[in-house]
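Participant: I'll drop the sequence and a predicted model, then ask my questions.
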Amino acid sequence: MNGTTYRVRFAALVVTAMFATPTLSHTEDGDGHDSEIDYSTAEEHDFGKASNPGVAVRTIEVEMTDQMRFTPSELVVSKGDSVRFVVKNAGEVLHEMVLGTREGLEEHAELMKRFPGMEHDEPNMAHVAAGQTAEMGWQFTRAGEFFYGCLVPGHFEAGMKGRIVVQ
């Protein structure tokens, strides 16, 4: 998906959220995703595309804490690599790992402040309940600098973010 398409989808998400009822919420079941992903039709984003974690060439474990930090906070991967992220919430509150561009994550974090109960479930997101672990598969198809963050309101602003360098 190119940058324009991503912005159009993001704008549609904003409009949907503006008219959403306040009962919507982030996925809180701790398993990462609510729906099955058809990896054969995964959309291309500026930062890559969804990939089946079962065929990943590399597994990266990421821990999230209530100190609003990811460990590790910086990753280096090779262009073309399919990565299986194993995301563990070592805290006592809901956290999430959302992959994206810096601009995309910042925009999404602002949206989450305005609509904290907004429900969304995309392949580049792992919502993880306290004490639980989730998996997410991602293929990094372009070289560059990308990011991940927890977009639960207040967490991103408190420093819960990380950087991915794709070589």
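Facilitator: Received it, and whenever you're ready, just let me know what you need.

Participant: Could you list the buried residues of stretch 82-96?
Facilitator: 82, 83, 84, 85, 87, 88, 89, 90, 91, 94, 95, 96 (16 or more other C-beta atoms under 10 Å). In this view, the C-beta of every residue, glycine as well, is placed from N, C-alpha and C.

Participant: Secondary structure added to these, as CSV?
Facilitator: Listed next are these as CSV, based on DSSP: H, G, I helix; E, B strand; the rest coil:
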residue, secondary structure
82, strand
83, strand
84, strand
85, strand
87, strand
88, strand
89, strand
90, coil
91, coil
94, coil
95, strand
96, strand
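
Participant: and which of those is nearest to residue 54?
Facilitator: residue 84 (7.6 Å; C-beta to C-beta).

Participant: OK, contacts around the closest one?
Facilitator: 53, 54, 56, 58, 59, 60, 135, 136, 137 (C-beta atoms under 8 Å, 6 or more residues apart in numbering).

Participant: Check the buried residues of stretch 82-96 against residue 75 and report the nearest one.
Facilitator: Distances from residue 75 to the buried residues of stretch 82-96, taken by C-beta to C-beta, are shortest for residue 83, at 8.5 Å.

Participant: Fine by me, thanks again.
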